[in-house]
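Student: I'd like to go over a predicted model; first the sequence, then the structure.
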Amino acid sequence: MSGINFFSPYRQFTLKNRKGLKEFIRTIFLTEKKQLISLQFIFCSDAYLLDINRQFLQHDYYTDIITFNLGTEKKIEGEVYISIERVRENAKIMKTSIKEELHRVIFHGVLHLCGYKDKLKREVVTMRNKEDRLLQLYLRNKI
């Protein structure tokens, strides 16, 4: 069984239904024909993620997520860093719930690990459509 772990230094942050979310994430990798070896989600602050963005990507701006694939194209070992502050802010801007925005960002990271990109306009459209589909499936089934 592939390992998916969630870590957060925030006491005020809790991720509900971790078991169901892990199972749903595993099905995404199966559908995309990727073998999940291990996946770590680290929920952190804006400042922490900004430091990672500067150090590893040479970007000097806030972001909601950074995804690292430490494995191969087919055998996924990844780390996904998510700024809880950015997710909360984006939820306000997008007029959606924090829960929905958090799951969207989680699925966004998983899609990156499956090989999807979001630099070109057409890639962004594909990524957003896949995020929407996964979000609807997940929330509808309340896994």
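Tutor: On my side now, so go ahead.

Student: and the contacts of the lengthiest helix in the chain?
Tutor: Assignment by DSSP state H gives helix 121-141 as the longest helix of the chain. With contacts defined as Cβ atoms under 8 Å, 6 or more residues apart in numbering, helix 121-141 is touched by 21, 24, 28, 100, 103-104, 107-108, 110-111, 116-118. Where you see a C-beta, it was placed from the backbone N, CA and C, and this is true even at glycine.

Student: any stretches of the protein with poor pLDDT?
Tutor: Scanning the chain for pLDDT under 70 picks out 1-2, 10-12, 142-143.

Student: what do you get if the cut-off is 80, keeping everything else the same?
Tutor: Along the chain, the model assigns pLDDT under 80 to residues 1-2, 9-14, 141-143.

Student: centroid-nearest residue for it?
Tutor: The residue lying closest to the centre of the chain (Cα atoms, centre = their mean) is residue 106, at 2.5 Å.

Student: hang on, the earlier thing: list the buried residues in the longest helix of the chain.
Tutor: Residues of helix 121-141 classed as buried: 127, 130, 131, 134, 135, 138 (neighbour count, 16 or more other Cβ atoms under 10 Å).

Student: can you map out the strands along the chain?
Tutor: For the chain, applying DSSP state E gives strands covering 3-7, 35-44, 65-69, 75-83.

Student: with distance to residue 50 and mean neighbour count added, can I get those strands in a markdown table?
Tutor: Shown next, in a markdown table, are those (distance: least, Cβ to Cβ, whole Å; neighbours: other Cβ atoms under 10 Å):
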| stretch | distance to residue 50 | mean neighbour count |
| --- | --- | --- |
| strand 3-7 | 18 | 14 |
| strand 35-44 | 10 | 20 |
| strand 65-69 | 10 | 18 |
| strand 75-83 | 8 | 20 |
